[in-house]
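Just the structure for this:
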Amino acid sequence: MNGPLEYAGENAAEGGRDYVRIRDAIRYLIAHAGEQPRLADVASALHLSESRLQRLFTHWAGVSPKRFIQQLTCEAAKVRLAAGAPVLPLSHELGLSGGSRLHDLFVTLEAMTPGEFQRGGAGLDIIWSVEASRFGPALLARTDRGICALQFVADEAAGEAWLQDQWPHAALHWRPGQGQALCERLFSPLSERSGAPLALRVQGSNFQIQVWRALLSVPYGGLISYGQLAARMGQPSAARAVGSAVGANPVAWLIPCHRVIRAEGALGQYRWGEDRKTDLIGWESARLSMERQAAWTA
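Now for the predicted structure:
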């Protein structure tokens, strides 16, 4: 199976360029939505052939560019918010058995102790690398007790600087390429996921940990507002504080802070860029739509 940024046998470097092309295509479609641009218009703006763009986009998202953008309208988001983010697993929603190929990643979250936090990681060994992912370069850092960071970064220097800031006294061990297989698993399509549960070991305040645990209950393809998340935690008046904790999330994607949007349906800000949040939400929604259709027609 090709890696998350490798299309039809192309190497990871070319795959990285393909993600940039896909990202630019999404930006173009959103910016010109009122004009209802044709595939030819998008391809011309990106200096690609129509067939090349269609192939790249469909391989990445599983759907056409037009259908992808339909998942990102405020109207579509409002419908999903009004329905509320279900807590039941997706396999239950689709009437599939527990052994079905369709499942989300199962994640466990453990907080570092106050002592570990205060010591700045002293005595902690962290293995890290920056790997190619479906959504751009990703810093993946882990201890012997679980993943402690997943960040979208510009390059390895940025990743190392972030780790040194977070754990100034930890022993950082750079292992390029060692996390690629895990990264591929994390960002694989929903139907391709398998393996043991993923353990997360993060540092944060008690309130932040509570918010991050609550985020784990928002299912793949689901959306929730800051107010809804606060209410789910039993603290309906704490939406602003919840928003701050969401923004401090150290583990992108696995703790799905990208699924939190504004009550009016706007996607809102994202720690790793609003464009990337758009890509994450749109990709999840497109893949989920495909899986649902396949389940209904099976």
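
Where does Glu110 sit, in terms of helix or strand?
strand 107-111 (DSSP states H and E).

How about that strand, which residues are buried there?
107, 109, 111 (16 or more other C-beta atoms under 10 Å). Every residue, glycine included, has its C-beta placed from N, CA and C.

ok, now stretch 56-76?
Those would be 56-57, 60-63, 65, 67-72, for stretch 56-76 by 16+ other C-beta under 10 Å.

Show me which of the residues you listed is closest to Gly265.
Nearest to Gly265 among these: Leu72, at 10.2 Å, using C-beta to C-beta.

Look up the closest residue to Glu110, ignoring the ones flanking it.
Leaving out its chain neighbours, the residue that sits closest to Glu110 by C-beta to C-beta, 6 or more residues apart in numbering is Arg201, at 5.0 Å.

Need phi/psi at the one you found.
phi -130, psi 100 (degrees, to the nearest 10).

same question, Val251
Here Val251 shows phi and psi, under degrees, to the nearest 10, equal to phi -120, psi 90.

Test my guess that it contacts Ile147.
Yes: using C-beta atoms under 8 Å, Val251 is in contact with Ile147, at 6.4 Å.

Can you check which residues contact both of the two?
Leu200 (C-beta atoms under 8 Å, 6 or more residues apart in numbering).

Which residues are in contact with Val42?
25, 28-29, 53, 65.

same deal with Leu200?
Leu200 neighbours (C-beta under 8 Å, 6+ apart): 107-110, 146-148, 251, 254-255.

cool, and Leu53?
By C-beta under 8 Å, 6+ apart, the neighbours of Leu53 are 21, 25, 39, 42-43, 46, 65.

Now compare those and name the two farthest from each other.
Applying C-beta to C-beta across these, the maximum distance is between Arg21 and Leu39, 13.5 Å.

residue ranges of the helices in the stretch 1-150 of the chain, please?
If DSSP state H, counting those that start in this stretch is used as the criterion, the helices of the stretch 1-150 of the chain fall at 12-31, 39-45, 50-61, 65-70, 74-83, 90-93, 114-118.

and the residue nearest to the spatial centre of the chain, what pLDDT?
Central residue of the chain (C-alpha atoms, centre = their mean): Trp253, 3.1 Å from the mean position. Reading off the confidence values, Trp253 has pLDDT 94.

same thing with Arg80?
66.

Can you classify Tyr270 as helix, strand or coil?
At Tyr270 the chain is in coil, as set by DSSP: H, G, I helix; E, B strand; the rest coil.

Count residues in the vicinity of it, would you?
21 (other C-beta atoms under 10 Å).

Excluding sequence neighbours, find me the nearest residue to it.
Lys277 (3.6 Å).

What of Arg142?
That would be Ile127: by C-beta to C-beta, 6+ apart, it lies 5.7 Å from Arg142.

For the one you found, list each beta-bridge partner.
Arg142, His173 (DSSP bridges).

thinking it is in contact with Ala171, fair?
No: the criterion here is C-beta under 8 Å, and Ile127 misses it with Ala171 at 9.7 Å.

So for the two, which sits in the more crowded spot?
Ile127 (17 against 12).

Contacts only, for that one.
Per C-beta under 8 Å, 6+ apart, neighbours of Ile127: 141-143, 173, 175, 178-179.

What distance do you get for it to Trp174?
8 Å (C-beta to C-beta, to the nearest Å).

Can you check which helix is longest in this protein?
Longest helix in the chain, counting residues (DSSP state H): helix 274-297.

How far does it sit from its chain's centre?
12 Å (C-alpha atoms, centre = their mean, to the nearest Å).

where are the low-confidence patches of the chain?
Across the chain, the ranges flagged by pLDDT under 70 are 1-16, 74-105, 189-195, 294-298.

Neighbours of Glu274, how many?
12.

again, but for Gly146
By other C-beta under 10 Å, neighbour count at Gly146 equals 17.

which residues touch it?
108, 110, 198-201.

does Ile255 sit in a helix, a strand or a coil?
coil.

That one reaches Leu216, doesn't it?
Yes: with contact defined as C-beta under 8 Å, Ile255 counts as touching Leu216 (6.6 Å).
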